[in-house]
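Trainee: Structure for this input, please:
(one chain, ligands or ions: 2)
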Amino acid sequence: MTQSDTFAEPRMRLASSSMTRPQEGESTNPPRLWARQQSIKVENDCACAVVQPAPPSLAAPPDTQSLILRTAPDALVIPLRPGYRLLFVPTSPQGPVVLNDEGYLRWRAFARQPQPPSHPFDWHLWAAGLIWPEGQPPPLPQDNPTVLTVWLHLTDACNLDCPYCYVQKRPRHMSVEVAEQALTRLSLQARGRGFRRLKLKYAGGEPTLVWKRMQSIHQRAVQRAREAGLELEAVLLTNGTRLNVARVRWLQEQGIRVALSLDGLGPLHDRLRPAHDGQSAFQRLAHAVDDILLPLGLRPSITITVTRWNAGALAETLSWVLERDLPFSLNFYRPPWNMASSDDLRLETQALIDGMRAAFQVLEQHLPTWPFLDGLMDRGTGLPHRHACGVGHSYLVVTPEGQVAPCHMRRDMSLGPAATFHLHHLPQGPIRNLPVEQRDADCRTCPFRYLCAGGCPLEAFRHSGRWDGSNPYCAVYRALYPEALRLEGLRLLKVHGLM
Ligand code: SF4
Ligand code: SF4
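Mentor: Residues are numbered from 1 along each chain as shown. Ligands and ions are numbered 1, 2, ... in the order given. Sure thing, here's the model as predicted:
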């Protein structure tokens, strides 16, 4: 590849350049940039923002002669190993990227002196959002969700009794008719409002307690999505105690992903998730993973809720997950709104930071190649987004009775029956899920604002009494993001064979 090729065809060349490894024996290294190429489905117990890596294809503007470029504001530089640095700019469409020394020096030239592009590599910096026309603000991250996520709350019943659960357990289940009405209505409207995909979360309670019902509902969902011209994806959120070979085969046939809740190993998990029948929930979950899911080729996502009780054991829990190379999400504990007594599970900030740092060490030793930053930091993801979650625009909950709620944590906030619901009412719901530029001043100027997007709006409101208020986990995010970003940099080095 010649320099002029790259300069003339930035759109075509950027992807290959970011994948190219330095050649052995090169006397002088050309400037290089490595960006994330993959996306992965990491599930959590919530409704995270759905973000995809933007392809490294930002075309050069037509008038390049008069273009004066400068470094984008708020850049964070993190040394990785000799010769390589991670560079993170909040608005970068590619997320954090790795530069070699030569690439970093070229980027620094724009900090010292704003200037027109004069080197082919400048277009890689441009595509990654690391340099930008002087006098113009960098563009905001794309905020145009194409996926409507619907949490179908199939049952209030459960076979476990987790102390932090926000569901009042009772034998109340969603009927197939209620589900079908909701799916028919929502699918048609989703299509009309520009969504391309419907994502269903089969949740509860424990949804496997109503297995046959869930199967019927899923068949209806497949039909309704097809009729509406929507892609369908579905995830089963389960405690993993009631899976068997036949059930997993069916999930596999249907392309339904599995997210398992795991809060510790052995007795710790059993203490946090005690089973009604007195048997070990952990042993059944481990059996499901090791003897059924993985042998059948279904790789579950692991959801860990970090509380006062398990933070100290987070590192060993994560080891178990990493030994199996499973995608995971770490979710910081949120007390249920209807149970003030569970507040004793909330962690002190320092204890949470300590537990997470120990987990980061394990992660560094067993560094996965998939982009784990999407699930590492509570509600945050590894790519820029403006809202902490889809509440108010691309997410809703359907209760067993067929009512729409804005969030699974606030089923008491009914938005009306799903059978007559209009999606355009979503933004008028009682939870104000503001874009991070409208959160408090700390968020607006924070370098991590498009990673955490201000955190869960409900928690911010509980903590500060304001929808634009500060998040109780902010100090944790701020303390840990530099280390989390460093791990992402090491991952990129590993993926590209640079360590
Ligand atoms: S919650 Fe904290 S870490 Fe997140 S954007 Fe706001 S100030 Fe930054
Ligand atoms: S408001 Fe909070 S709990 Fe509800 S979906 Fe959003 S991030 Fe999750």
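
Trainee: which parts of the helix of greatest length in the chain are buried?
Mentor: Scanning the chain for the helix with the most residues, using DSSP state H, yields helix 474-495. Residues of helix 474-495 classed as buried: 474, 476-477, 480-481, 483-493, 495 (neighbour count, 16 or more other Cβ atoms under 10 Å). For every residue, glycine as well, the C-beta is placed using N, CA and C.

Trainee: Now do the SS call for L298.
Mentor: At L298 the chain is in coil, as set by DSSP: H, G, I helix; E, B strand; the rest coil.

Trainee: related to what we said a few turns ago, any residue of the longest helix of the chain touching ligand 2?
Mentor: No. Legend: contact between helix 474-495 and ligand 2 by Cβ under 6 Å from any ligand atom is lacking; minimum distance shown is 13.5 Å.

Trainee: Residues of the chain that sit close to ligand 2?
Mentor: Checking the chain against ligand 2 by Cβ under 6 Å from any ligand atom, the hits are C46, A47, R379, A388, C389, V391, C407, M409, I431, C456, P457, L458.

Trainee: Apply 8 Å and report the result again.
Mentor: Counting by Cβ under 8 Å from any ligand atom, the chain comes close to ligand 2 at 46-48, 334, 379, 388-391, 395, 406-410, 431, 433, 455-459.

Trainee: Output those of the residues you listed also counted as contacts of ligand 1.
Mentor: Answer for these near ligand 1 (Cβ under 8 Å from any ligand atom): G455.

Trainee: Could you check which helix or strand contains the nearest residue to T28 once chain neighbours are set aside?
Mentor: Once flanking residues are discounted, T28 sits nearest to E102: 7.8 Å by Cβ to Cβ, 6 or more residues apart in numbering. Using DSSP states H and E, E102 sits within helix 101-112.

Trainee: Tell me where the model's unsure across the chain.
Mentor: By pLDDT under 70, the low-scoring segments of the chain are 1-27, 39-40, 48-65, 338-346.

Trainee: So if we follow the domain assignment, how does it break up?
Mentor: 12-21+30-141, 144-238+395-430 (automatic domain parsing).

Trainee: Just to check, F121 is in contact with L105?
Mentor: No. Contact criterion Cβ atoms under 8 Å: F121 and L105 do not qualify, at 10.4 Å.

Trainee: the more surrounded of the two?
Mentor: F121 (22 against 11; other Cβ atoms under 10 Å).

Trainee: so what's the closest residue in space to the more buried one that isn't next to it in sequence up against?
Mentor: Once flanking residues are discounted, F121 sits nearest to P31: 4.2 Å by Cβ to Cβ, 6+ apart. Contacts for P31 (Cβ atoms under 8 Å, 6 or more residues apart in numbering) come out as L99, N100, E102, G103, L105, R106, H119, F121, H124.

Trainee: For those residues, give me TSV that also has distance to L251.
Mentor: Formatted as TSV, these follow (distance: Cβ to Cβ, whole Å):
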residue	distance to L251
L99	42
N100	44
E102	48
G103	44
L105	51
R106	49
H119	51
F121	46
H124	41
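
Trainee: Mind checking which of the residues of the chain next to ligand 2 land in helices?
Mentor: P457, L458, E459.

Trainee: what about the closest residue to the first one other than its chain neighbours, neighbour count?
Mentor: What that stands for is P457. Among residues not flanking P457 along the chain, N433 sits closest, at 4.8 Å (Cβ to Cβ, 6+ apart). Counted by other Cβ under 10 Å, the residues lying close to N433 total 26.

Trainee: and if you look at E348?
Mentor: E348: 10 neighbours (other Cβ under 10 Å).

Trainee: The closest residue to it other than its chain neighbours: what secondary structure?
Mentor: Using Cβ to Cβ, 6+ apart and skipping residues adjacent in sequence, the residue nearest E348 is R308, 7.8 Å away. Classification of R308 using three-state DSSP returns coil.

Trainee: which residues touch R193?
Mentor: R193 touches L423, H424, counting by Cβ under 8 Å, 6+ apart.

Trainee: what's the answer for the one 10 residues further on, then?
Mentor: A203 is in contact with W151, L152, H153, L154, L237, H408, counting by Cβ under 8 Å, 6+ apart.

Trainee: can you rerun that using 6 Å?
Mentor: A203 sits next to W151, H153, L237 when contact means Cβ atoms under 6 Å, 6 or more residues apart in numbering.

Trainee: Just give me the closest of those residues to ligand 2.
Mentor: Nearest to ligand 2 among these is W151, at 8.4 Å by Cβ to the nearest ligand atom.

Trainee: Tell me the spacing between that closest one and K201.
Mentor: 5 Å (Cβ to Cβ, to the nearest Å).

Trainee: what do you get for L33?
Mentor: With distances taken as Cβ to Cβ, L33 is found 36 Å from K201.

Trainee: Ok, C407 next?
Mentor: From C407 to K201 the distance is 12 Å (Cβ to Cβ).

Trainee: Could you check the one helix or strand D442 maps to against ligand 1 for contacts?
Mentor: Take DSSP H and E as the rule and D442 turns out to sit in helix 441-444. Yes. Contact between helix 441-444 and ligand 1, assessed by Cβ under 8 Å from any ligand atom, occurs at D442, C443.

Trainee: From ligand 1, how far off is G266?
Mentor: Plainly put, G266 is 34 Å away from ligand 1 if you go by Cβ to the nearest ligand atom, to the nearest Å.

Trainee: nope, A313 is what I meant
Mentor: For A313 relative to ligand 1 (Cβ to the nearest ligand atom), the value is 26 Å.

Trainee: Also P472?
Mentor: 9 Å.

Trainee: Okay, strands next: where are they in the stretch 201-350 of the chain?
Mentor: Counting by DSSP state E, counting those that start in this stretch, the stretch 201-350 of the chain has strands at residues 231-238, 257-261, 301-306, 328-332.

Trainee: Just send those strands back as a markdown table, with mean neighbour count too.
Mentor: Below are these laid out as a markdown table (neighbours: other Cβ atoms under 10 Å):
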| stretch | mean neighbour count |
| --- | --- |
| strand 231-238 | 21 |
| strand 257-261 | 23 |
| strand 301-306 | 23 |
| strand 328-332 | 23 |
